[in-house]
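[1] fold the stuff below for me.
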Amino acid sequence: MTRAEFTAMVVNIFKEEKEVEGNNFKDVNKDDWFYNAVSYAASEGLIAGYEDGTFRPMENMQRQDAAVLVSRLFEVGFFEGAPEFTFKDEETFPKYLYQSIKNLASHEIARGYPDGTFRPFNLITRAEAVQMLDVVLKYIEIPEKTPPLAPPETPRPTVTPKPTSTPISTPSPTPTTPKGGSTGGTKSTPTPEPTPVNNAPIFISTPVEEVVLNMVEGNREIIDLTKWTVVQLCDTNDDIPNWVHSEPTKAMQTRNANPSVLLSDIQVDKCIVNGKWRVDTSKDDDLMGFVFGYQDEGHFYLFDWKQTTQMWKGNNCEQGMSVKVINTDTPILDGDLWMSEGNERVKVIYRNTIPYKDFEDYEFTLKFSGNGHFNIIIRHDDVVLDDISLYDDTYTTGKFGFYNYSQEMVVYEGFTTEEMSEGVYIYNAEAYDEDGDDLKYTLINGPEGMTVDSETGEVKWFVTSLNRGIYDVSIKVEDTKGAYDIQEFKISIVEPTEEPTPEPTPEPTPEPTPDPDYEKQ
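    Reported below is the predicted structural model:
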């Protein structure tokens, strides 16, 4: 859900939206559908935007920002005396929103995950947004919308009626009989042909509602890093990267060097990658991370992590983690990799403000599905600092590598890979049309990555363990005259369950055969 969508939803439900003359956001224009809602929300103090004067309406809304906006709906003092609620990852909460999250949690408006974390930098889903606002409705009354006043009726002048004259009837002419013919009469109006009825198509197939993934996860393979190669991405006039190996499963980049990658020799897709980093010095505060989906120096995904915000050569690199799509056919430049905002060669698809600490081990898990879905989890001392789930299908396969930009003495170790559980959802939708019209199938609603063949109705979705859960799906079938039918259903993606090993059935003990000699005695 985008920032514009969430803001508009809140304003439409809880505020009587009024027209506002302008706003201070550089990227919110009068032609935008969300202009009034965002402008009004800003005028009411519900939103503030970013330091650069933007609102970034089309960026996805983070859970932390949604919490701040919703908390501002309540009057001052509303949460006083509320019970204290604690999350395990409160150390990751930015100071400016710490109390907002705690306040909402005390009234079950903001809810955490089963592991006791809130994960403020996760993107809020539509389901979470609806659930949050549904609870708010218990505490805040919806204002009545004032209908616009109708314009006063313009009085009409009184008209003096003219006297009505009595018409003189004109006799109808007597029909004459033509020579040699019969008497003519009035022609009858022909009865129009009835318009044929178009029968709408109807679905006659039953949806497939479950996919059971195959069971392959859990077999981790330890990787020898000495076979990996060093790729320098660009020259920043820093040192040449120096990657060294103290043992086959551990690598260290020792210099304050140009951005580089220690690149694996294996393709990574439908794969889980685990490992850990550590900055073994208090010098500098620059970037470490990893690449995946790597094609070449201009095409890959990048996860990088900055300790503190820093301006360099006119470009600002902000504190925290980010996920970027590098996509350029021209040489990558140092500024492209440094700046947090992105440009035409680098698209930023995720960012938070969590810093790393020196001399601390951080574990990462990358789940790269190969179907556009991927997930990155960062842990510190078994506490999840962030759990990032994204969809982007720019690259669905590619190599993995460790990344370093201007940060010396970074240790990368414990690299393992394992296959992901996967499966394929297939449903052959079928409809009947009494008129024999040609039919077209379309997907109205479904998970990202799902497709439907417009001619055959085959619904297909390649899934992995990242897709576990229940999904709403709607498909439409339409004939050439515009009549249609819609089929709505849910599908579940589940892990396989191990069948219990049946206990062996004991063979029956044969009854003893009587001894014939004994019988004779």
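[2] can I assume Val348 sits in a helix?
    No: secondary structure assignment (DSSP: H, G, I helix; E, B strand; the rest coil) places Val348 in strand, not in a helix.
[3] nearest residue to it in space, please, no chain neighbours.
    Gly342 (4.0 Å; Cβ to Cβ, 6 or more residues apart in numbering). All C-beta atoms are positioned from the backbone trio N, CA, C, and that covers glycine.
[4] thought Val323 was touching that neighbour, still the case?
    No: Gly342 is beyond contact range of Val323, at 10.8 Å (criterion: Cβ atoms under 8 Å).
[5] intersection of neighbour lists for those two?
    Val348 (Cβ atoms under 8 Å, 6 or more residues apart in numbering).
[6] neighbour count: those two, which is higher?
    Using other Cβ atoms under 10 Å as the criterion, Gly342 and Val323 rank with Val323 on top: 21 against 16.
[7] and that one, how far is that from Cys317?
    Applying Cβ to Cβ, to the nearest Å, the value for Val323 to Cys317 is 15 Å.
[8] with adjacent residues omitted, what lies nearest to Gly49?
    Nearest to Gly49 is Phe55, by Cβ to Cβ, 6+ apart, at 4.6 Å.
[9] which SS class is the one you found?
    coil.
[10] wait, it touches Arg3, no?
    Yes: with contact defined as Cβ under 8 Å, Phe55 and Arg3 form a contacting pair (6.7 Å).
[11] overlap in contacts of these two?
    By Cβ under 8 Å, 6+ apart, no residue touches both Phe55 and Arg3.
[12] count the residues that sit near Lys399.
    Using other Cβ under 10 Å, Lys399 has 21 other residues around it.
[13] same check, this time on Asp31
    Neighbours around Asp31, by other Cβ under 10 Å: 5.
[14] ok, it to Met61 distance?
    Asp31 is 22 Å from Met61, by Cβ to Cβ.
[15] got a list of what Gly275 touches?
    Per Cβ under 8 Å, 6+ apart, neighbours of Gly275: Phe290, Glu363, Phe364, Phe402, Tyr412, Glu413, Gly414, Phe415, Thr416.
[16] columns secondary structure, distance to Gly436 and pLDDT on top of those residues, output as JSON lines?
    Formatted as JSON lines, the contacts of Gly275 follow (DSSP: H, G, I helix; E, B strand; the rest coil; distance: Cβ to Cβ, whole Å; pLDDT from 0 to 100):
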{"residue": "Phe290", "secondary structure": "strand", "distance to Gly436": "57", "pLDDT": "97"}
{"residue": "Glu363", "secondary structure": "strand", "distance to Gly436": "61", "pLDDT": "96"}
{"residue": "Phe364", "secondary structure": "strand", "distance to Gly436": "57", "pLDDT": "97"}
{"residue": "Phe402", "secondary structure": "strand", "distance to Gly436": "61", "pLDDT": "96"}
{"residue": "Tyr412", "secondary structure": "strand", "distance to Gly436": "64", "pLDDT": "96"}
{"residue": "Glu413", "secondary structure": "strand", "distance to Gly436": "66", "pLDDT": "93"}
{"residue": "Gly414", "secondary structure": "strand", "distance to Gly436": "64", "pLDDT": "87"}
{"residue": "Phe415", "secondary structure": "strand", "distance to Gly436": "60", "pLDDT": "89"}
{"residue": "Thr416", "secondary structure": "strand", "distance to Gly436": "58", "pLDDT": "92"}
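[17] just the buried residues of the residues you listed.
    Phe290, Glu363, Phe364, Phe402, Tyr412, Glu413, Gly414, Phe415 (16 or more other Cβ atoms under 10 Å).
[18] tell me the secondary structure at Val323.
    strand.
[19] who's it bridged to?
    Beta bridges link Val323 to Phe303, Tyr350, judged by DSSP bridges.
[20] separation between it and Val11?
    For Val323, the distance to Val11 - Cβ to Cβ - is 30 Å.
[21] ok, Ser454 next?
    37 Å.
[22] what about those two, which has more around it?
    Taking neighbours as other Cβ under 10 Å, Ser454 and Val11 compare with Val11 leading, 22 against 14.
[23] in terms of contact, does that one touch Tyr40 like I think?
    Yes: if you go by Cβ under 8 Å, Val11 and Tyr40 touch, sitting 5.8 Å apart.
[24] can you give me the helices for the chain?
    3-14, 35-43, 63-71, 98-106, 126-136, 334-338, 516-520 (DSSP state H).
[25] sweet, I'm off.
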